[in-house]
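> coords please:
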Amino acid sequence: MPRAFVYLIYNSLLPFVLLLGFPSFLIKGIRRGGLKRNFCQRFGWFRPEIRDAIAGKEAIWIHAVSVGEVFLALKMVEAIQSLEPDQHIVLTTTTTTGHAVADEKTSETLTVIHNPVDLPRVVSRVLDLIQPKTIVLVESEIWPNLLAAAGKRGIPVKLANARLSPRSGRRYAKFRSLVEPIFSQLDAVSVPFEIDRPRWSALGIPEGRIEVLGSVKFDQAGGNEISDQKVAEIRAWLALTGFPEGARILLAGSTHDGEEKLIATVFSQLREKQPDLALVIVPRHAERAAEIVARLSAQGFTTLLKAGPNRVESLTQQGPVDTANHVWVANTTGELRAWFHLASVVIIGKSFCGEGGQNPVEPILAGRPVVVGPNMQNFAEVMDDLNAVRGILQLKSPDELFEALVKTFEDEAGSKAMAERGTEAMARHLGAAERTARFILGDSSGSV
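I've put the predicted structure just below:
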(Lines give C-alpha, C1' and ligand atoms only; values in the text may rest on other atoms or scores of the structure.)
Protein backbone atom coordinates (compact mmCIF):
# COMPACT_ATOMS: atom_id res chain seq x y z
CA MET A 1 0.00 0.00 0.00
CA PRO A 2 1.41 3.44 -0.86
CA ARG A 3 2.97 5.21 2.12
CA ALA A 4 1.08 8.44 1.40
CA PHE A 5 -2.24 6.59 1.64
CA VAL A 6 -1.25 4.95 4.95
CA TYR A 7 -0.39 8.36 6.38
CA LEU A 8 -3.69 9.76 5.13
CA ILE A 9 -5.56 7.06 7.08
CA TYR A 10 -3.41 7.52 10.18
CA ASN A 11 -3.68 11.31 10.31
CA SER A 12 -7.42 11.19 9.64
CA LEU A 13 -8.02 8.85 12.60
CA LEU A 14 -5.48 10.26 15.06
CA PRO A 15 -7.45 13.41 16.10
CA PHE A 16 -10.48 11.28 17.00
CA VAL A 17 -8.31 8.90 19.04
CA LEU A 18 -6.79 11.85 20.91
CA LEU A 19 -10.23 13.33 21.61
CA LEU A 20 -11.50 10.02 22.96
CA GLY A 21 -8.51 9.74 25.29
CA PHE A 22 -8.59 13.37 26.43
CA PRO A 23 -11.02 12.92 29.38
CA SER A 24 -8.85 10.14 30.79
CA PHE A 25 -5.77 12.33 30.34
CA LEU A 26 -7.44 15.17 32.25
CA ILE A 27 -8.54 12.93 35.11
CA LYS A 28 -5.09 11.42 35.51
CA GLY A 29 -3.45 14.83 35.26
CA ILE A 30 -5.64 16.27 38.00
CA ARG A 31 -5.14 13.25 40.24
CA ARG A 32 -1.38 13.02 39.79
CA GLY A 33 -0.61 16.74 39.53
CA GLY A 34 1.47 18.73 37.03
CA LEU A 35 -1.36 18.92 34.50
CA LYS A 36 -0.35 22.31 33.07
CA ARG A 37 3.25 21.27 32.55
CA ASN A 38 2.23 17.91 31.12
CA PHE A 39 -0.29 19.43 28.74
CA CYS A 40 2.02 22.14 27.42
CA GLN A 41 5.01 19.86 26.90
CA ARG A 42 2.91 17.30 25.04
CA PHE A 43 2.13 19.99 22.47
CA GLY A 44 5.70 21.20 22.15
CA TRP A 45 5.56 24.22 24.44
CA PHE A 46 8.33 24.42 27.03
CA ARG A 47 9.44 26.82 29.74
CA PRO A 48 12.47 28.99 28.85
CA GLU A 49 14.81 27.01 31.14
CA ILE A 50 13.86 23.76 29.39
CA ARG A 51 14.37 25.33 25.96
CA ASP A 52 17.78 26.65 27.04
CA ALA A 53 18.77 23.21 28.32
CA ILE A 54 17.92 21.57 25.00
CA ALA A 55 18.60 24.03 22.18
CA GLY A 56 21.82 23.71 20.19
CA LYS A 57 23.17 20.66 22.06
CA GLU A 58 23.21 18.16 19.15
CA ALA A 59 21.40 15.79 21.46
CA ILE A 60 20.41 12.19 21.07
CA TRP A 61 16.65 11.97 21.56
CA ILE A 62 15.58 8.79 23.37
CA HIS A 63 11.87 8.07 23.73
CA ALA A 64 10.51 5.71 26.40
CA VAL A 65 6.87 5.19 27.37
CA SER A 66 6.36 4.22 31.00
CA VAL A 67 8.39 3.20 34.05
CA GLY A 68 9.75 -0.07 32.64
CA GLU A 69 10.99 1.53 29.43
CA VAL A 70 12.38 4.49 31.37
CA PHE A 71 14.58 2.22 33.48
CA LEU A 72 15.76 0.64 30.24
CA ALA A 73 16.43 4.05 28.67
CA LEU A 74 18.39 5.21 31.72
CA LYS A 75 20.67 2.20 31.38
CA MET A 76 21.25 3.22 27.75
CA VAL A 77 21.92 6.80 28.84
CA GLU A 78 24.49 5.65 31.37
CA ALA A 79 26.20 3.43 28.79
CA ILE A 80 26.25 6.18 26.13
CA GLN A 81 27.70 8.73 28.52
CA SER A 82 30.33 6.29 29.75
CA LEU A 83 31.57 6.18 26.14
CA GLU A 84 30.96 9.88 25.40
CA PRO A 85 30.67 11.80 28.70
CA ASP A 86 29.74 15.13 27.09
CA GLN A 87 26.96 13.74 24.90
CA HIS A 88 23.70 15.53 25.70
CA ILE A 89 20.57 13.37 25.76
CA VAL A 90 16.91 14.35 25.72
CA LEU A 91 14.74 11.65 27.28
CA THR A 92 11.01 11.84 26.60
CA THR A 93 8.35 9.80 28.40
CA THR A 94 4.64 9.29 27.84
CA THR A 95 3.36 8.58 31.35
CA THR A 96 3.62 10.87 34.37
CA THR A 97 5.00 8.03 36.48
CA GLY A 98 7.71 7.40 33.90
CA HIS A 99 8.52 11.11 33.86
CA ALA A 100 8.83 11.16 37.67
CA VAL A 101 11.34 8.29 37.61
CA ALA A 102 13.38 9.81 34.78
CA ASP A 103 13.32 13.30 36.25
CA GLU A 104 15.33 12.10 39.25
CA LYS A 105 18.27 11.60 36.88
CA THR A 106 18.14 15.05 35.26
CA SER A 107 21.61 16.55 34.89
CA GLU A 108 23.61 18.96 32.74
CA THR A 109 23.78 16.29 30.06
CA LEU A 110 20.29 14.78 30.48
CA THR A 111 17.03 16.68 29.98
CA VAL A 112 13.70 14.97 30.68
CA ILE A 113 10.46 16.12 29.04
CA HIS A 114 7.08 14.65 28.13
CA ASN A 115 6.72 13.04 24.74
CA PRO A 116 4.86 15.23 22.23
CA VAL A 117 1.68 13.91 20.68
CA ASP A 118 2.30 12.54 17.19
CA LEU A 119 0.66 15.40 15.29
CA PRO A 120 2.72 16.71 12.35
CA ARG A 121 2.97 20.34 13.52
CA VAL A 122 3.75 19.34 17.11
CA VAL A 123 6.44 16.91 16.02
CA SER A 124 8.01 19.53 13.76
CA ARG A 125 8.00 22.09 16.59
CA VAL A 126 9.85 19.71 18.92
CA LEU A 127 12.32 18.66 16.23
CA ASP A 128 13.06 22.34 15.54
CA LEU A 129 13.92 22.76 19.22
CA ILE A 130 15.92 19.60 19.88
CA GLN A 131 17.52 19.20 16.44
CA PRO A 132 18.66 15.70 17.39
CA LYS A 133 21.44 13.94 15.57
CA THR A 134 19.75 10.58 16.27
CA ILE A 135 16.33 9.49 17.52
CA VAL A 136 16.08 6.29 19.55
CA LEU A 137 12.75 4.56 20.17
CA VAL A 138 12.78 2.05 23.04
CA GLU A 139 11.31 -1.44 22.64
CA SER A 140 8.20 -1.02 20.48
CA GLU A 141 7.08 2.61 20.33
CA ILE A 142 6.67 3.55 16.67
CA TRP A 143 5.31 7.03 15.94
CA PRO A 144 4.54 7.45 12.21
CA ASN A 145 4.65 11.26 11.98
CA LEU A 146 7.87 11.40 13.97
CA LEU A 147 9.40 8.84 11.61
CA ALA A 148 8.29 10.79 8.55
CA ALA A 149 9.48 14.17 9.86
CA ALA A 150 12.86 12.72 10.89
CA GLY A 151 13.27 11.12 7.48
CA LYS A 152 12.63 14.43 5.70
CA ARG A 153 15.32 16.07 7.85
CA GLY A 154 17.82 13.25 7.37
CA ILE A 155 17.76 12.29 11.07
CA PRO A 156 18.34 8.54 11.59
CA VAL A 157 15.73 6.76 13.71
CA LYS A 158 16.77 3.59 15.55
CA LEU A 159 14.63 1.12 17.46
CA ALA A 160 16.63 -0.19 20.44
CA ASN A 161 16.05 -3.39 22.40
CA ALA A 162 13.06 -4.00 20.14
CA ARG A 163 10.35 -6.26 21.54
CA LEU A 164 7.73 -8.03 19.48
CA SER A 165 5.86 -10.93 21.06
CA PRO A 166 4.71 -13.82 18.85
CA ARG A 167 1.12 -12.65 19.33
CA SER A 168 1.92 -9.07 18.29
CA GLY A 169 3.97 -10.34 15.37
CA ARG A 170 1.00 -12.34 14.08
CA ARG A 171 -1.31 -9.37 14.56
CA TYR A 172 0.99 -7.03 12.65
CA ALA A 173 1.49 -9.62 9.91
CA LYS A 174 -2.26 -9.54 9.18
CA PHE A 175 -1.94 -5.84 8.40
CA ARG A 176 1.46 -5.85 6.76
CA SER A 177 0.27 -3.65 3.91
CA LEU A 178 -0.48 -0.94 6.48
CA VAL A 179 2.52 -1.34 8.81
CA GLU A 180 5.30 -2.01 6.29
CA PRO A 181 5.32 1.55 4.87
CA ILE A 182 5.83 2.80 8.45
CA PHE A 183 8.27 0.25 9.86
CA SER A 184 10.45 0.21 6.75
CA GLN A 185 11.48 3.80 7.55
CA LEU A 186 13.49 2.67 10.58
CA ASP A 187 17.20 3.03 9.88
CA ALA A 188 18.33 0.32 12.30
CA VAL A 189 16.85 -2.08 14.85
CA SER A 190 18.55 -3.90 17.72
CA VAL A 191 16.85 -7.01 19.15
CA PRO A 192 17.61 -9.18 22.20
CA PHE A 193 17.32 -12.65 20.62
CA GLU A 194 18.08 -14.22 17.26
CA ILE A 195 14.47 -15.39 17.04
CA ASP A 196 13.39 -11.73 17.03
CA ARG A 197 15.11 -11.03 13.72
CA PRO A 198 12.58 -12.73 11.37
CA ARG A 199 9.65 -11.19 13.28
CA TRP A 200 10.86 -7.69 12.53
CA SER A 201 11.98 -8.45 8.99
CA ALA A 202 8.46 -9.79 8.33
CA LEU A 203 7.22 -6.24 8.92
CA GLY A 204 9.28 -4.86 6.07
CA ILE A 205 12.57 -4.06 7.78
CA PRO A 206 15.53 -5.37 5.74
CA GLU A 207 17.49 -7.99 7.69
CA GLY A 208 20.67 -6.03 7.13
CA ARG A 209 19.32 -3.29 9.40
CA ILE A 210 18.63 -5.70 12.30
CA GLU A 211 21.29 -6.55 14.90
CA VAL A 212 21.06 -9.06 17.75
CA LEU A 213 22.71 -7.41 20.76
CA GLY A 214 21.15 -9.13 23.78
CA SER A 215 18.68 -7.51 26.15
CA VAL A 216 19.57 -4.27 27.93
CA LYS A 217 16.87 -5.10 30.46
CA PHE A 218 18.70 -8.25 31.50
CA ASP A 219 22.22 -6.81 31.49
CA GLN A 220 23.55 -6.89 35.04
CA ALA A 221 26.46 -4.71 34.00
CA GLY A 222 24.15 -1.98 32.71
CA GLY A 223 22.81 -0.38 35.87
CA ASN A 224 20.70 -3.24 37.24
CA GLU A 225 22.18 -2.73 40.69
CA ILE A 226 19.96 -1.65 43.54
CA SER A 227 21.03 1.11 45.90
CA ASP A 228 21.60 0.17 49.52
CA GLN A 229 19.62 3.28 50.43
CA LYS A 230 16.48 2.03 48.67
CA VAL A 231 16.68 -1.36 50.36
CA ALA A 232 17.30 0.34 53.71
CA GLU A 233 14.23 2.56 53.20
CA ILE A 234 12.05 -0.49 52.62
CA ARG A 235 13.48 -2.27 55.66
CA ALA A 236 12.74 0.83 57.76
CA TRP A 237 9.15 0.90 56.53
CA LEU A 238 8.69 -2.79 57.33
CA ALA A 239 10.02 -2.21 60.84
CA LEU A 240 7.62 0.69 61.37
CA THR A 241 4.69 -1.52 60.40
CA GLY A 242 5.61 -4.20 62.93
CA PHE A 243 7.20 -6.63 60.49
CA PRO A 244 8.76 -9.39 62.64
CA GLU A 245 12.53 -9.53 62.56
CA GLY A 246 13.74 -12.62 60.73
CA ALA A 247 10.46 -13.33 58.92
CA ARG A 248 10.86 -14.63 55.39
CA ILE A 249 9.08 -12.86 52.54
CA LEU A 250 6.92 -14.46 49.88
CA LEU A 251 6.82 -11.66 47.30
CA ALA A 252 4.13 -11.43 44.64
CA GLY A 253 5.37 -8.93 42.06
CA SER A 254 3.46 -7.10 39.30
CA THR A 255 0.17 -8.78 40.19
CA HIS A 256 -3.01 -8.33 38.17
CA ASP A 257 -6.71 -8.61 38.94
CA GLY A 258 -7.55 -11.91 40.66
CA GLU A 259 -3.99 -12.87 41.51
CA GLU A 260 -3.93 -11.15 44.92
CA LYS A 261 -6.87 -13.28 46.10
CA LEU A 262 -5.32 -16.46 44.69
CA ILE A 263 -1.92 -15.85 46.27
CA ALA A 264 -3.38 -14.74 49.63
CA THR A 265 -5.45 -17.94 49.78
CA VAL A 266 -2.41 -20.08 49.05
CA PHE A 267 -0.38 -18.09 51.57
CA SER A 268 -2.90 -18.87 54.32
CA GLN A 269 -2.46 -22.60 53.63
CA LEU A 270 1.28 -22.28 53.33
CA ARG A 271 1.60 -20.55 56.71
CA GLU A 272 0.60 -23.80 58.42
CA LYS A 273 3.82 -25.36 57.16
CA GLN A 274 5.96 -22.18 57.15
CA PRO A 275 4.97 -20.15 60.24
CA ASP A 276 7.75 -17.58 59.78
CA LEU A 277 6.48 -16.58 56.34
CA ALA A 278 5.10 -13.12 55.47
CA LEU A 279 3.31 -12.01 52.29
CA VAL A 280 4.22 -8.85 50.37
CA ILE A 281 2.26 -7.87 47.26
CA VAL A 282 3.51 -5.32 44.72
CA PRO A 283 0.67 -4.73 42.23
CA ARG A 284 1.39 -3.83 38.64
CA HIS A 285 -1.02 -0.89 38.63
CA ALA A 286 -0.99 1.57 41.53
CA GLU A 287 -4.57 2.68 40.93
CA ARG A 288 -5.82 -0.77 42.03
CA ALA A 289 -4.72 -0.20 45.64
CA ALA A 290 -8.21 0.41 47.09
CA GLU A 291 -9.58 -2.61 45.25
CA ILE A 292 -6.79 -4.85 46.54
CA VAL A 293 -7.19 -3.65 50.12
CA ALA A 294 -10.95 -4.32 49.98
CA ARG A 295 -10.51 -7.84 48.64
CA LEU A 296 -7.82 -8.76 51.14
CA SER A 297 -9.96 -7.37 53.96
CA ALA A 298 -12.83 -9.58 52.78
CA GLN A 299 -10.47 -12.55 53.17
CA GLY A 300 -9.76 -11.58 56.78
CA PHE A 301 -6.39 -9.88 56.32
CA THR A 302 -5.23 -6.58 57.74
CA THR A 303 -3.52 -4.69 54.93
CA LEU A 304 -0.51 -2.46 55.50
CA LEU A 305 -0.27 -0.16 52.49
CA LYS A 306 2.96 1.49 51.40
CA ALA A 307 1.64 4.34 49.27
CA GLY A 308 4.58 6.71 49.72
CA PRO A 309 7.17 7.84 52.26
CA ASN A 310 4.82 10.35 53.90
CA ARG A 311 2.36 7.62 54.82
CA VAL A 312 4.76 5.57 56.95
CA GLU A 313 4.26 7.21 60.34
CA SER A 314 0.54 6.43 60.51
CA LEU A 315 1.32 2.72 60.28
CA THR A 316 3.78 2.58 63.18
CA GLN A 317 3.20 -0.43 65.45
CA GLN A 318 4.21 -0.91 69.08
CA GLY A 319 5.47 -4.44 68.45
CA PRO A 320 5.64 -7.26 65.90
CA VAL A 321 2.38 -8.18 64.18
CA ASP A 322 1.14 -11.64 63.31
CA THR A 323 2.21 -12.26 59.72
CA ALA A 324 -0.58 -14.83 59.33
CA ASN A 325 -3.19 -12.05 59.48
CA HIS A 326 -1.36 -9.24 57.74
CA VAL A 327 -0.43 -8.54 54.13
CA TRP A 328 2.02 -5.82 53.16
CA VAL A 329 1.07 -4.05 49.90
CA ALA A 330 3.79 -1.92 48.31
CA ASN A 331 1.80 0.45 46.14
CA THR A 332 4.74 2.60 45.08
CA THR A 333 6.55 3.26 41.82
CA GLY A 334 10.10 2.18 41.02
CA GLU A 335 10.73 -0.01 44.08
CA LEU A 336 9.97 -3.51 42.81
CA ARG A 337 13.59 -4.39 42.00
CA ALA A 338 14.62 -3.46 45.53
CA TRP A 339 11.86 -5.65 46.96
CA PHE A 340 13.22 -8.61 44.98
CA HIS A 341 16.44 -8.40 47.00
CA LEU A 342 14.47 -8.78 50.24
CA ALA A 343 12.39 -11.77 49.13
CA SER A 344 12.93 -15.45 49.85
CA VAL A 345 10.72 -16.60 46.96
CA VAL A 346 9.15 -14.51 44.17
CA ILE A 347 5.88 -15.10 42.33
CA ILE A 348 5.56 -13.22 39.04
CA GLY A 349 2.16 -11.71 38.28
CA LYS A 350 0.06 -11.60 35.12
CA SER A 351 1.08 -15.22 34.64
CA PHE A 352 -1.82 -16.83 36.55
CA CYS A 353 -4.88 -14.64 36.03
CA GLY A 354 -3.53 -12.33 33.35
CA GLU A 355 -2.19 -12.93 29.88
CA GLY A 356 1.40 -12.56 28.70
CA GLY A 357 3.20 -12.45 32.04
CA GLN A 358 5.60 -9.91 33.52
CA ASN A 359 9.38 -9.76 33.53
CA PRO A 360 10.82 -12.79 35.43
CA VAL A 361 14.48 -11.94 34.95
CA GLU A 362 15.03 -9.17 37.50
CA PRO A 363 14.30 -11.42 40.52
CA ILE A 364 16.45 -14.12 38.95
CA LEU A 365 19.30 -11.64 38.62
CA ALA A 366 18.71 -10.87 42.30
CA GLY A 367 19.44 -14.55 43.01
CA ARG A 368 15.92 -15.49 44.05
CA PRO A 369 13.88 -18.63 43.23
CA VAL A 370 11.09 -17.57 40.87
CA VAL A 371 7.68 -19.17 40.34
CA VAL A 372 5.47 -18.26 37.37
CA GLY A 373 2.14 -19.41 36.02
CA PRO A 374 1.31 -20.80 32.57
CA ASN A 375 0.78 -17.42 30.86
CA MET A 376 4.24 -16.08 30.02
CA GLN A 377 3.77 -15.52 26.29
CA ASN A 378 5.34 -12.05 26.28
CA PHE A 379 8.60 -13.54 27.54
CA ALA A 380 8.61 -16.70 25.43
CA GLU A 381 12.29 -16.50 24.46
CA VAL A 382 13.40 -15.84 28.03
CA MET A 383 11.25 -18.69 29.31
CA ASP A 384 12.72 -21.05 26.72
CA ASP A 385 16.21 -20.22 27.99
CA LEU A 386 15.25 -20.55 31.65
CA ASN A 387 13.16 -23.70 31.29
CA ALA A 388 15.92 -25.37 29.28
CA VAL A 389 18.29 -25.19 32.26
CA ARG A 390 15.56 -25.50 34.93
CA GLY A 391 16.34 -21.99 36.10
CA ILE A 392 12.70 -21.13 36.87
CA LEU A 393 9.62 -22.98 38.07
CA GLN A 394 6.74 -22.64 35.61
CA LEU A 395 3.39 -24.13 36.59
CA LYS A 396 0.73 -25.49 34.27
CA SER A 397 -2.19 -24.10 36.26
CA PRO A 398 -2.96 -22.00 39.37
CA ASP A 399 -4.00 -25.22 41.14
CA GLU A 400 -0.33 -26.22 41.35
CA LEU A 401 0.78 -23.10 43.22
CA PHE A 402 0.41 -24.39 46.79
CA GLU A 403 2.37 -27.63 46.28
CA ALA A 404 5.00 -25.81 44.24
CA LEU A 405 5.60 -23.28 47.00
CA VAL A 406 5.72 -25.98 49.67
CA LYS A 407 8.47 -27.74 47.71
CA THR A 408 10.30 -24.50 47.00
CA PHE A 409 10.48 -23.51 50.67
CA GLU A 410 11.25 -27.00 51.98
CA ASP A 411 13.98 -27.77 49.45
CA GLU A 412 16.22 -24.77 50.10
CA ALA A 413 19.27 -26.32 48.39
CA GLY A 414 17.27 -27.18 45.28
CA SER A 415 15.71 -23.71 45.15
CA LYS A 416 19.08 -22.06 45.48
CA ALA A 417 20.48 -24.23 42.68
CA MET A 418 17.53 -23.30 40.47
CA ALA A 419 18.16 -19.61 41.03
CA GLU A 420 21.86 -20.04 40.23
CA ARG A 421 21.05 -21.86 36.97
CA GLY A 422 18.69 -19.07 36.02
CA THR A 423 21.34 -16.42 36.64
CA GLU A 424 23.84 -18.31 34.50
CA ALA A 425 21.31 -18.60 31.66
CA MET A 426 20.98 -14.82 31.57
CA ALA A 427 24.74 -14.31 31.27
CA ARG A 428 24.40 -13.96 27.47
CA HIS A 429 22.96 -10.50 28.04
CA LEU A 430 25.99 -9.17 29.91
CA GLY A 431 27.35 -6.16 28.06
CA ALA A 432 24.10 -5.56 26.14
CA ALA A 433 23.85 -1.99 27.42
CA GLU A 434 27.29 -1.08 26.10
CA ARG A 435 26.64 -2.85 22.78
CA THR A 436 23.38 -0.94 22.44
CA ALA A 437 25.11 2.33 23.28
CA ARG A 438 27.62 1.73 20.47
CA PHE A 439 24.72 0.81 18.17
CA ILE A 440 23.07 4.16 18.98
CA LEU A 441 26.33 6.06 18.48
CA GLY A 442 26.93 4.34 15.16
CA ASP A 443 29.89 2.33 16.42
CA SER A 444 28.28 -1.11 16.50
CA SER A 445 30.43 -4.18 15.89
CA GLY A 446 27.48 -6.22 14.68
CA SER A 447 25.29 -8.91 16.20
CA VAL A 448 26.49 -11.09 19.06
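> can you give me the strands in the stretch 51-200 of the chain?
With DSSP state E, counting those that start in this stretch, the ranges of strands along the stretch 51-200 of the chain come out as 60-63, 89-93, 110-114, 134-138, 157-160, 188-191.
> can I get those strands in a markdown table with mean pLDDT?
Listed next are those as a markdown table, based on pLDDT from 0 to 100:
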| stretch | mean pLDDT |
| --- | --- |
| strand 60-63 | 98 |
| strand 89-93 | 96 |
| strand 110-114 | 96 |
| strand 134-138 | 97 |
| strand 157-160 | 98 |
| strand 188-191 | 96 |
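> which one, of those strands, ends up nearest to residue 228?
strand 110-114 (23.3 Å; CB to CB). Yep, even glycine has a C-beta here, placed from its N, CA and C like the rest.
> quick one, the closest one and strand 89-93 angle?
Comparing the axes of strand 110-114 and strand 89-93 via axes from the mean of the first three to the mean of the last three CA atoms, to 10 degrees yields an angle of 30 degrees.
> buried ones in strand 110-114, by neighbour count?
Residues of strand 110-114 classed as buried: 110-114 (neighbour count, 16 or more other CB atoms under 10 Å).
> what is the nearest of those residues to residue 398?
Distance to residue 398 across the buried residues of strand 110-114 (CB to CB) is lowest for residue 114, with 39.0 Å.
> so who does that closest one touch?
By CB atoms under 8 Å, 6 or more residues apart in numbering, residue 114 lies in contact with 37-38, 41-42, 92-94, 99.
> could you give the bridge partners of it?
residue 93 (DSSP bridges).
> and the gap between the residue nearest to residue 103 when sequence neighbours are not counted and residue 339?
The shortest distance from residue 103 to any non-neighbouring residue, by CB to CB, 6 or more residues apart in numbering, is to residue 112 (4.9 Å). Using CB to CB, to the nearest Å, residue 112 is found at 25 Å from residue 339.
> before we move on, what about residue 360?
Residue 360 sits at a distance of 14 Å from residue 339 (criterion: CB to CB).
> same question for residue 25.
Per CB to CB, residue 25 is found 30 Å from residue 339.
> do residue 380 as well
25 Å.
> which one of those two is surrounded by more residues?
In this view residue 380 and residue 339 are compared by other CB atoms under 10 Å, and residue 339 has more residues nearby, 25 against 16.
> hmm, the more buried one is touching residue 252, no?
No. Contact criterion CB atoms under 8 Å: residue 339 and residue 252 do not qualify, at 10.1 Å.
> need the overlap of contacts for the two.
Counting by CB under 8 Å, 6+ apart, the contacts common to residue 339 and residue 252 are 280, 282.
> nearest spatial neighbour of the residue nearest the centre of the chain, chain-adjacent residues omitted?
In the chain, the residue lying closest to the centroid (CA atoms, centre = their mean) is residue 68, at 1.9 Å. Nearest residue to residue 68 in three dimensions, chain neighbours excluded: residue 359, at 7.5 Å (CB to CB, 6+ apart).
> okay, now the unreliable bits of the stretch 101-250 of the chain?
The stretch 101-250 of the chain contains residues with pLDDT under 70 at 220-226.
> go with 80
165-167, 220-227 (pLDDT under 80).
> tell me the helices in it, going along the chain?
For the stretch 101-250 of the chain, the helices defined by DSSP state H, counting those that start in this stretch occupy 120-130, 144-153, 166-174, 176-183, 196-201, 228-240.
> let's have the ones you listed in TSV, adding mean neighbour count and distance to residue 214.
Listed next are these as TSV, based on neighbours: other CB atoms under 10 Å; distance: least, CB to CB, whole Å:
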stretch	mean neighbour count	distance to residue 214
helix 120-130	18	29
helix 144-153	19	25
helix 166-174	13	19
helix 176-183	17	22
helix 196-201	18	11
helix 228-240	15	26
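> in CSV: those helices, plus distance to residue 334.
Shown next, in CSV, are those (distance: least, CB to CB, whole Å):
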stretch, distance to residue 334
helix 120-130, 26
helix 144-153, 27
helix 166-174, 26
helix 176-183, 31
helix 196-201, 27
helix 228-240, 9
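> tell me which of these approaches residue 5 most closely.
helix 176-183 (8.4 Å).
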